[in-house]
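A.B. asks: I need the structure of the sequence given here:
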Amino acid sequence: MEEREKLKVKIRHILGKKVRFLRRQGLTPANLYGPKTESIALEVESPVLERLIARVGRNALINLMVDGGKKPRLVMIRDIQRHPLTGNLLHVDFFQVEVTHKVRTEIPLIFLGEAPATKKARVMLIQNLTSLNVEGLPTDLPRSIEVDQSMLEEVDQVIHVRDIAISDKLELLTDPDAVAVYLEESRVPVEEVEVKEEVEAEAEVEAEEETTE
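C.D. replies: Now for the predicted structure:
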C-alpha cells in the first residue's frame, strides 16, 4: 500500500481580514471540515503546502497532523484559492473523509499521445475538458485520468467522455456525451480576408496617385 503523505498544521486563532498578516509570515490560512467534523480554522506553512500540492494534487488522501491532536485526520484537499495575479496561496480547505463513505470530486485529465491528424496543415487539437466529476470511495479515487489522443486520425473524430476509460469502482457524473477532445481545421476569417483585400486595393490606388504626380 502506498504510504500516505503527512502534513503538520496548527490551530489558527487569527480570523477574518487579519489573515493577511499570516500570509506575510509565510503561512496559509486553512479550514478543516467534514460530515462528522466541526469546522476548524488552521494555518500551515506555505512552502510545505505548495510542495505537497505539487506532489499529490487534490484527490490524494493525506494524514493531517493537527497540533495538539492525538491522532492524524484522514483528509483530501477540497479547495485551493490563489491570488489571481501572483498565483500565491490564499486559502485551502481540507475535507475529512470516512473511508467507508463515497465522496464526489473532480479528477484532472492527463492527455497522452499525439493525434496523427494534427500533422496535417491547419488542424488544431482542442482539449475541451480538464477534469471529470466522479463519485467513489476515497481509497478508490485516482489522482488523474489518462486520455489517449493517438486515436484521432481524422479531422472529424472526437473523444467523448464515454470513450475515456475509468475504474468500474467509480460512478461517472460528467455527461457521457460531452466532448473531451476534438480536432478543428483553422480557417482565415472572412473579415480578415476582406480587410486584407481592402488594404491592398488602397495601396494600389496610392501607388497610382504617386505615379501620376
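A.B. asks: So which elements touch the helix or strand that contains Val75?
C.D. replies: With elements delineated by DSSP states H and E, Val75 resides in strand 73-82, which encompasses its position. Strand 73-82 sits against strand 27-34, helix 46-56, strand 62-66, strand 89-96, strand 103-112, with contacts defined as 3 or more CB pairs under 8 Å, 6 or more residues apart in numbering; DSSP states H and E. All C-beta spots, glycine's among them, are computed from the backbone N, C-alpha and C.
A.B. asks: Turn those into CSV, including mean pLDDT and distance to Val181.
C.D. replies: Rendered in CSV, the data for the helices and strands packed on strand 73-82 read as follows (pLDDT from 0 to 100; distance: least, CB to CB, whole Å):
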stretch, mean pLDDT, distance to Val181
strand 27-34, 94, 34
helix 46-56, 92, 25
strand 62-66, 93, 31
strand 89-96, 94, 30
strand 103-112, 92, 7
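A.B. asks: Might one say that Arg55 is in contact with Lys6?
C.D. replies: No: taking CB atoms under 8 Å as the contact criterion, Arg55 and Lys6 are not neighbours in contact, 11.8 Å apart.
A.B. asks: Of all the helices and strands in this structure, which has the lowest average confidence?
C.D. replies: Comparing helices and strands within the chain by mean pLDDT, DSSP states H and E singles out helix 190-212 as the least confident, with a mean of 51.
A.B. asks: how far does stretch 143-161 stretch from start to finish?
C.D. replies: One end of stretch 143-161 sits 18 Å from the other (CA to CA, to the nearest Å).
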